[in-house]
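1. what would the 3D arrangement of this be:
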Amino acid sequence: MSTVLAFDFGASTGRAIKAEFDGKELKYHEVHRFDNVIVQEDGRLCWDFPYLLGEVKKAIEMSGGADALAFDTWGVDYGLLDENDELMGQPTNYRDTRTEGMPERIFEKISAIDLYKSTGNQIMPINTLFQLTAEVKKEAKTLLFMPDLFAWALCGNKSAEKTIASTSQMYSFNNNGWDLEVARLSGMDTDILQELVDSATVVGEYNGIKVVKVAGHDTQCAVAAMPSDSSKCSAFLSCGTWSLIGCECDNAVLTEKSMNDQLSNELGANGKVNYLKNISGLWLIQEIRRNFRAQGKEYSFNDMEQLARAEKPFTCFIDPDYAEFATPGSMPEKIRNYCKNTNQPVPETDGALVRCIYESLAMKYKFAIEQIKENTGKAFDVLHLLGGGTKDGFLCQMTANSLGIPVVAGPTEATALGNIILQLIALGDIKDIDEGRAIIKEQESVKEYSPQDVDVWKNAFKKFCTAVQ
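-> A predicted model of the protein is given here:
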């Protein structure tokens, strides 16, 4: 019997999941859940690392002990240590506006296509390279991505797990290591970059518990837990605050078309390349709910869904990745302004606003899948929807309708399960990810959504494409 503790951090909450594995059956339950709230420091949006670390230690005590523990988080963000190994302030949140104009500054030194041909990342201002270009702490000695920062705080190990490193725009798929020439363009000393380690690596101990590096990027943990059928060509959608939609490939796609289509190559825990598009996901629903609450409207997520269901379909669309939607505040006004500026009907009711978001997300998923098909030549039979979005049946059904293929929703706890599986591989209890996926497929429940009204959705997709041009 092995017992592991998986820490899964999202953009709004953190959780500790305790799992036990007896060689056949995997049992798990939530030990602790806590808020992950954006804070302000020196005019920047930041993560409250001391608070989060305190919640981690509290969860370890509450768990009653484990053989191992590991962390997964969102991508791109990091903490910096000084020459005395002290944290140099709170880690900056990727939604902070400091990266505005930073890609253009880098493009003065390297062309966008040359940058893409090395790093393979969708070029987004939030990427680590651009954050470092805007960084004021140029004297830093050590960079640790968020999951690596938690591991360091517990056991002192300084290393960079490969999947999280591959989100940075500084990892080269050509040499499977750091691209130091690209990293140097940020103006930072490249000595801050740490040794790369594989997923499922034991790097130290904390109070007798092994500290494991799993896939530090939560998307790669979720994909590791995908209960796919090898006889089918599968796409995946890791759906939470962000939506990451893509497929597994043997090699990175580093063409100019791929770059122009804003597709990204990230390293999977099994060594495959996860070829995907980053799309703003349930952040839009979460943020508009916060805005409604500020107006005195206490809607549950179910309340919002029911309001949306009552509205006329396909009235208006937004591009979920429109830059103004990425920052907090005023989501209803931003959506109305977008519709007005694109000569569409303006959603007046709360339900119309919510329906606009849902339909736009489903349409953007189709938009991304069509691009991925063109760049890989794959013809997908099924989409595996993983993570918190599996609870949203309204979105799951819309996604099946939009894509015109079945959507298999589940497991809801895909990210935590991937974290757990990778820890068990590190402990020697499971051979590899394929064996872990087989265990998950055997015991986890999923729900299949068959596409409906496909022709109607195809026609509406043309309207969406016009609205987001």
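
2. only C-alpha atoms from now on, for both contacts and neighbour counts.
-> Noted.

3. quick check: Asp198 vs Lys297, distance?
-> 47 Å (C-alpha to C-alpha, to the nearest Å).

4. low-confidence ranges in the protein?
-> Within the chain, no stretch falls below the threshold (pLDDT under 70).

5. one more time with 90, if that's ok
-> Across the chain, residues meeting the criterion (pLDDT under 90) sit at 10-12, 229-231, 240-242, 326-328, 388, 469.

6. for it, longest helix please?
-> Longest helix in the chain, counting residues (DSSP state H): helix 350-376.

7. same drill for Asp198 and Lys297, tell me which one is more crowded.
-> For the pair Asp198 and Lys297, the greater number of neighbours falls to Asp198 (16 against 12), based on other C-alpha atoms under 10 Å.

8. hang on, isn't the more buried one packed against Ser159?
-> No. The pair Asp198 / Ser159 is not scored as a contact, 10.1 Å apart, by C-alpha atoms under 8 Å.

9. how long is stretch 447-462 from one end to the other?
-> Stretch 447-462 has an end-to-end distance of 29 Å (C-alpha to C-alpha).

10. now do the buried residues in it.
-> Going by neighbour count (16 or more other C-alpha atoms under 10 Å), the buried part of stretch 447-462 is 448-452, 457-458, 460-461.

11. just the ones of those in strands?
-> Using DSSP state E, the subset of the buried residues of stretch 447-462 located in strands is 448-449.

12. which residues in the stretch 251-400 of the chain form strands?
-> Taking DSSP state E, counting those that start in this stretch, the strands of the stretch 251-400 of the chain run over residues 264-267, 273-280, 382-386.

13. closest one to Phe7 among the ones you listed?
-> strand 382-386 (17.3 Å; C-alpha to C-alpha).

14. what's the spacing between the helix or strand hosting Ala19 and its chain's center?
-> Element membership for Ala19, per DSSP states H and E: strand 13-21. Centroid separation for strand 13-21 versus its chain: 18 Å, with C-alpha atoms, centre = their mean, to the nearest Å.

15. residues in contact with it?
-> Residues outside strand 13-21 that contact it (C-alpha atoms under 8 Å, 6 or more residues apart in numbering) are 1-9, 26-37, 56, 59, 63, 416, 420.

16. just those residues: which are in helices?
-> 56, 59, 63, 416, 420.

17. just those now: which is nearest Gly120?
-> Nearest to Gly120, judged by C-alpha to C-alpha, of the ones in helices among the contacts of strand 13-21 is Ala416 at 26.5 Å.

18. the closest one reaches Phe9, doesn't it?
-> No. Using C-alpha under 8 Å as the test, Ala416 is too far from Phe9 to be in contact (9.5 Å).

19. excluding sequence neighbours, find me the nearest residue to Asp429.
-> Excluding its sequence neighbours, the residue lying closest to Asp429 (C-alpha to C-alpha, 6 or more residues apart in numbering) is Gly23, at 6.8 Å.

20. what about Ala416 and Phe9, which has more around it?
-> Set Ala416 next to Phe9 and count neighbours by other C-alpha under 10 Å: Ala416 wins out with 31 against 25.

21. which ones are touching the more buried one?
-> Residues near Ala416 by C-alpha under 8 Å, 6+ apart: 6-8, 17, 221-222.

22. mind listing what's buried along stretch 148-162?
-> 148-152, 154-162.

23. stretch 64-71 now?
-> The neighbour-count check on stretch 64-71 (16+ other C-alpha under 10 Å) flags 65-71 as buried.

24. for the longest helix of the chain, packing partners?
-> Contact here means 3 or more C-alpha pairs under 8 Å, 6 or more residues apart in numbering; DSSP states H and E; on that basis helix 350-376 packs against strand 242-249, strand 273-280, helix 283-294, helix 301-309, helix 393-403, helix 454-468.

25. okay, the angle between the last one and helix 350-376?
-> Read it as helix 454-468. Calculated by axes from the mean of the first three to the mean of the last three C-alpha atoms, to 10 degrees, helix 454-468 forms an angle of 90 degrees with helix 350-376.

26. what helices and strands are in contact with helix 454-468?
-> Using 3+ C-alpha pairs under 8 Å, 6+ apart: helix 454-468 touches helix 350-376, helix 393-403.

27. that helix: how far from the chain's middle?
-> Counting by C-alpha atoms, centre = their mean, helix 454-468 is centred 26 Å from the centre of its parent chain.

28. which outside residues touch that helix?
-> Contact with helix 454-468 is made by 314, 316-319, 342, 344, 360, 363, 401-402, 404, as judged by C-alpha under 8 Å, 6+ apart.

29. now rank the residues you listed by neighbours and give me the top one.
-> Counting by other C-alpha under 10 Å, top hit in these: Phe317 with 32 neighbours.

30. that one: what's it in contact with?
-> Taking C-alpha under 8 Å, 6+ apart, we find Phe317 in contact with 339, 356-357, 359-360, 464, 467-468.

31. mind putting the contacts of Ala416 in a markdown table, distance to Asn175 and neighbour count included?
-> Shown next, in a markdown table, are the contacts of Ala416 (distance: C-alpha to C-alpha, whole Å; neighbours: other C-alpha atoms under 10 Å):
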| residue | distance to Asn175 | neighbour count |
| --- | --- | --- |
| Ala6 | 31 | 29 |
| Phe7 | 31 | 27 |
| Asp8 | 30 | 26 |
| Ile17 | 35 | 23 |
| Cys221 | 23 | 29 |
| Ala222 | 26 | 29 |
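
32. restricted to strands, list the residues you listed.
-> In strands, defined here by DSSP E, the members of the contacts of Ala416 are 6-8, 17.

33. in a helix, Phe236, correct?
-> No. Counting by DSSP: H, G, I helix; E, B strand; the rest coil, Phe236 is located in no helix; its state is strand.

34. so Asp72 makes contact with Gln220?
-> No. Asp72 lies out of contact with Gln220 (C-alpha under 8 Å); the separation is 9.1 Å.
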